[in-house]
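*Asks:* I'd like to go over a predicted model; first the sequence, then the structure.
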Amino acid sequence: MSINAPAIDRSTDNEPSDELLQDILSAMRQIVPLPLSVAPPQGEPEWQEEWGVLIGITGDIYGRIVLLGEGEAFGKLGESMFGMRLEGEMLQSFVGELANMIAGQAATLFYGRGRRIDITPPTVMSGKMQIYGLTNAAKAALVFEGAGELCLYISKDSEGKV
Amino acid sequence: MARVLVVDDAAFMRMMLKSILQKGGHEVVGEAENGAVAVEKYAMLKPDLVTMDITMPVMEGIEAVRQIRANHADARIIMCSAMGQQGMIIQAIQAGAKDFIVKPFQEDRVIESLNKLLHAEGKPVA
């Protein structure tokens, strides 16, 4: 879908790169073998209900990618990709690895545009909590058919030195 | 059969790789969750082959490849990373990696890479 579609809420001037946002959505479609639709964000903003994962971006863009969702949704994504239901420590590890694969693939697509970003190892968070510092982030609800919804935040803190 | 050291910060990915390698008739002799542990375990275990992630805490995979190859010039290392851009592949190969597999990987691709590398270097494969 176009990154200009209204399903993505970018309410501030400090938008992340449209190209990177598009590449992250493309990466998700390549990695998760379930139909994906992007919907307007629902519910309270920046609230993590069960699982969250954060990956830092450096390079041509400095920022963060955050994915939030319920264990059920992450578990079903894992099942669709690897054919097994994941629980406990393996689910926690998969949440981090899913974000790593998406950010890594997005970095590869971004490189194809002549731009460079590097990514940090994922930080996985569990439990209900409010996340601060994402006020300026672009956000989107990602609905994976048969699995459920994840919330994506992409914040751009600053431009890097090219 | 090859003795393999699996290096990845994600326990889930180590489990997946271990399962694939064992199904392919190989033995996983060790696991490491970052590059620094991989360098230590390589010296201790002397595996036939290493699968190496790139984005890891403490020490990333390309630096680990450099350090392993500095002390063991014959080390056979396959990168298994989500970062598949050309620049990253070139850095890994320049550091001494023999092949590069992009995550999420297919089972066949992992076994094919491993067997090709072992075969090319005269190591009997399963």
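*Replies:* The structure has been received and is ready for your questions.

*Asks:* surely A:Thr108 touches B:Ser81?
*Replies:* No. Counting by C-beta atoms under 8 Å, A:Thr108 stays clear of B:Ser81, with 9.9 Å between them. Just so you know, the C-beta spots here come from the backbone N, C-alpha and C atoms, and that holds for glycine as well.

*Asks:* looking at those two, which has the bigger crowd around it?
*Replies:* B:Ser81 (28 against 22; other C-beta atoms under 10 Å in any protein chain shown).

*Asks:* look up how far A:Arg85 lies from the more buried one.
*Replies:* 26 Å (C-beta to C-beta, to the nearest Å).

*Asks:* do the same with B:Lys41
*Replies:* Counting by C-beta to C-beta - B:Lys41 and A:Arg85 are separated by 30 Å.

*Asks:* please identify which residue in chain A comes closest to chain B.
*Replies:* Closest to chain B within chain A is A:Gly104: 2.6 Å, counting by C-beta to the nearest C-beta.

*Asks:* number of residues surrounding that residue?
*Replies:* If we define neighbours as other C-beta under 10 Å, then A:Gly104 has 27 of them.

*Asks:* then A:Asp118?
*Replies:* 19.

*Asks:* run through the bridge partners of it.
*Replies:* A:Thr58 (DSSP bridges).

*Asks:* surely it and A:Ile57 touch.
*Replies:* Yes. Counting by C-beta under 8 Å, A:Asp118 touches A:Ile57, with 7.5 Å between them.

*Asks:* OK, contacts around the residue of chain A closest to chain B?
*Replies:* Neighbouring residues of A:Gly104 by C-beta atoms under 8 Å, 6 or more residues apart in numbering or on different chains: A:Ala27, A:Ile119, B:Thr55, B:Ser81, B:Ala82, B:Met83, B:Gly84, B:Val102, B:Lys103.

*Asks:* how many neighbouring residues does B:Lys41 have?
*Replies:* B:Lys41: 20 neighbours (other C-beta under 10 Å).

*Asks:* try A:Glu79
*Replies:* The burial count for A:Glu79: 16, using other C-beta under 10 Å.
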